[in-house]
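>>> Just to be clear, the model below is a prediction. Sequence and coordinates:
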Amino acid sequence: MGKFLHAFFSPLGFRHAVPQVWDGFQTNIKLMVIAEILVLFFALGFAIVRGLPGRATWPLRVLAVAYTDFFRGTPLILVAYVWGLGIPAIHAGIISNQSLFTYGVISLTLVYTAYVTEVYRAGIESVHPSQRMAARSLGLTYAQTLRYVVLPQAIRRVVPPLLNDFIGLQKDTAIITVIGVTEALAQAGFYSSDYFLYVGYTVAAVFFVILTIPFARFTDRLIKQRELRERAQLV
Amino acid sequence: MKRVLLAASIALLAITATAGARSLAVPTKQPGKLIVGFDLPAPAFWNGRATGTTIKNPSGFEYALSQAIAKKLGISKVQYLRAPFGGLFSPAPKKFDFAFEEVTITAERAKVVSFSTGYFDANQGVLIRKGLKKPTSLAALKSLQLCAQSSTTGLAYIQHKLRPKKKPLVYSASSTAAFDAVEAGKCDALILDVPIVASQARKKPGAYGGVAGQIVTNEHYGAVMEKGSKLKPYLDRAIKALIANGTIKRLVTKWLLNPIPPVLK
């Protein structure tokens, strides 16, 4: 027990490990923020494409489905290896010449866009068809219907699952360590190999948790606010 | 006429002089700057803290060597770039001029990257238990109870070259178990990479009988460069000069092996 406490919770270790892991954790935050913005943007695009009407848009829909199927089924660690190690080795001009951080962002974005596309799509499909019909019969175009009637309701509905995926993404930024981005987990590893203490991992875990808890509470509040607003409207 | 000739010859001289200067410039990725790759953890080779893609407060054998090389090449600006070991032996374009990552030069690796001349002999070290009479030859090792870590050069050496009388004890996973065996006296001598046993002996003084010697395996660490790098002749020259003037020996004593164990024959 004493050995365990010393290895994971040594107070002296904390003092050294906190600044070192924090140094890496800033990279996790950067990865997360950039990837998240890109994911929100691209996923909405794919979700809209998947829901397009008409036969002419069939190839687009197939592409969107193929994309989500493929990247939802591929492990992130594999995608990261392909980008971080494979792509630079093929000498494909500018695409092979990016920083490891960029490859990390690309991997996270590719995989999480697939997940979030499905979340958006569920939201869009949850809006009752009568709403679309009503909007169209009022003279709104397809795009206007989407923009002013469907999406505002759809997105509000999927905020909790979206935030859930945010948290997943936040944690998965640690996977990017495998291609050699110096983030929190890497720093924790360096620390443990320098001092033979695992305090670095404890510190990294604490950082990740600290980041997710406010997120979870914020989601709760958002849901509550919306419920209040919608009920007030009913009354 | 004479004057014209003189002017012409001066002009010619000037042209050759500038051309000469240009060819003298060291062909680094960014002129006037040396980018050195590293990876962590590599205690004693690279100490310091990784931050972003570089390293803060660096020190250690390979760091000091890179500084000495930069000085030899006449480059004052040195940038350190984390180049993960996992991606080192790929044909990918390298973002560094050369990397020091304790890489053993092998023919297989040389197919995809260029190596500098060796800057460190990656020999095997012999760590003996306390109270054991120091073996002074390879023959003396044969009668001892040897031990090694699984899938290491040291174990291969024991099994294929040394062939001792007693079967060696083999410890898997980490070197900790092997070190414990020496400390407990279960094993007379552990054979493992010499910088590793030396740093362990330094870390735990009094626990072992010391590093009795090193076994030459003809394995060398070399700097890794992009395949066909134009820097190679310059780097090789610098390393050879630093070996010749004793700088590298001094750095080895300072950071890795103090004293340098005798070679067992």
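Nice, I can see it. Residues are numbered from 1 along each chain as shown, chains lettered A, B, ... in the order given.
>>> so residue B:199 makes contact with residue B:256?
Yes - between residue B:199 and residue B:256 there is a contact at 7.4 Å, judged by Cβ atoms under 8 Å. The C-beta positions use only the backbone N, C-alpha and C, and glycine is treated the same way.
>>> residues contacting the closest residue to chain A within chain B?
Proximity of chain B to chain A (Cβ to the nearest Cβ) peaks at residue B:84, 2.7 Å away. By Cβ atoms under 8 Å, 6 or more residues apart in numbering or on different chains, the residues touching residue B:84 are A:100, A:179, A:180, B:39.
>>> Could you tell me the model confidence score at the last one?
At residue B:39, the pLDDT value in this model is 93.
>>> Now do the contacts for it.
Shown in contact with residue B:39 (Cβ under 8 Å, 6+ apart): A:180, B:46, B:82, B:83, B:84, B:85, B:88, B:99, B:101.
>>> Which ones among those lie within strands?
Counting by DSSP state E, the part of the contacts of residue B:39 found in strands is B:82, B:99.
>>> Relative to residue A:187, which of the contacts of residue B:39 is nearest.
Nearest to residue A:187 out of the contacts of residue B:39 is residue B:82 (Cβ to Cβ; 11.6 Å).
>>> the helices in chain A, which residues?
A:2-9, A:11-50, A:58-73, A:76-81, A:87-89, A:100-126, A:129-137, A:142-144, A:151-157, A:159-172, A:184-195, A:199-234 (DSSP state H).
>>> now those in a markdown table, with mean pLDDT, distance to residue B:67 and mean neighbour count?
Below are the helices of chain A laid out as a markdown table (pLDDT from 0 to 100; distance: least, Cβ to Cβ, whole Å; neighbours: other Cβ atoms under 10 Å in any protein chain shown):
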| stretch | mean pLDDT | distance to residue B:67 | mean neighbour count |
| --- | --- | --- | --- |
| helix A:2-9 | 85 | 35 | 12 |
| helix A:11-50 | 94 | 23 | 19 |
| helix A:58-73 | 96 | 45 | 14 |
| helix A:76-81 | 96 | 34 | 18 |
| helix A:87-89 | 90 | 28 | 19 |
| helix A:100-126 | 96 | 25 | 22 |
| helix A:129-137 | 95 | 69 | 12 |
| helix A:142-144 | 95 | 62 | 12 |
| helix A:151-157 | 92 | 56 | 16 |
| helix A:159-172 | 91 | 38 | 18 |
| helix A:184-195 | 87 | 21 | 22 |
| helix A:199-234 | 85 | 28 | 14 |
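>>> got JSON lines for these, with distance to chain B too?
Shown next, in JSON lines, are the helices of chain A (distance: least, Cβ to the nearest Cβ, whole Å):
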{"stretch": "helix A:2-9", "distance to chain B": "13"}
{"stretch": "helix A:11-50", "distance to chain B": "5"}
{"stretch": "helix A:58-73", "distance to chain B": "23"}
{"stretch": "helix A:76-81", "distance to chain B": "9"}
{"stretch": "helix A:87-89", "distance to chain B": "4"}
{"stretch": "helix A:100-126", "distance to chain B": "8"}
{"stretch": "helix A:129-137", "distance to chain B": "49"}
{"stretch": "helix A:142-144", "distance to chain B": "43"}
{"stretch": "helix A:151-157", "distance to chain B": "35"}
{"stretch": "helix A:159-172", "distance to chain B": "19"}
{"stretch": "helix A:184-195", "distance to chain B": "4"}
{"stretch": "helix A:199-234", "distance to chain B": "11"}
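>>> now for these, which one comes closest to residue B:184?
Closest among the helices of chain A, using Cβ to Cβ: helix A:2-9, at 17.9 Å.
>>> Centre of the chain to that closest one, how far?
Mean C-alpha position of helix A:2-9 versus that of the full chain (Cα atoms, centre = their mean, to the nearest Å) differs by 34 Å.
>>> Report all helices and strands that that helix contacts.
Packed against helix A:2-9 by the contact rule (3 or more Cβ pairs under 8 Å, 6 or more residues apart in numbering or on different chains; DSSP states H and E) you find helix A:199-234.
>>> Please work out the angle formed by the directions of the helix it packs on and helix A:11-50.
Here helix A:199-234 runs at an angle of 40 degrees relative to helix A:11-50 (axes from the mean of the first three to the mean of the last three Cα atoms, to 10 degrees).
>>> Helix A:199-234 vs helix A:159-172, what angle?
Orientation of helix A:199-234 against helix A:159-172 (the same axes, to 10 degrees) gives an angle of 170 degrees.
>>> What angle do helix A:184-195 and helix A:199-234 make with each other?
Between helix A:199-234 and helix A:184-195, the angle comes out at 160 degrees (the same axes, to 10 degrees).
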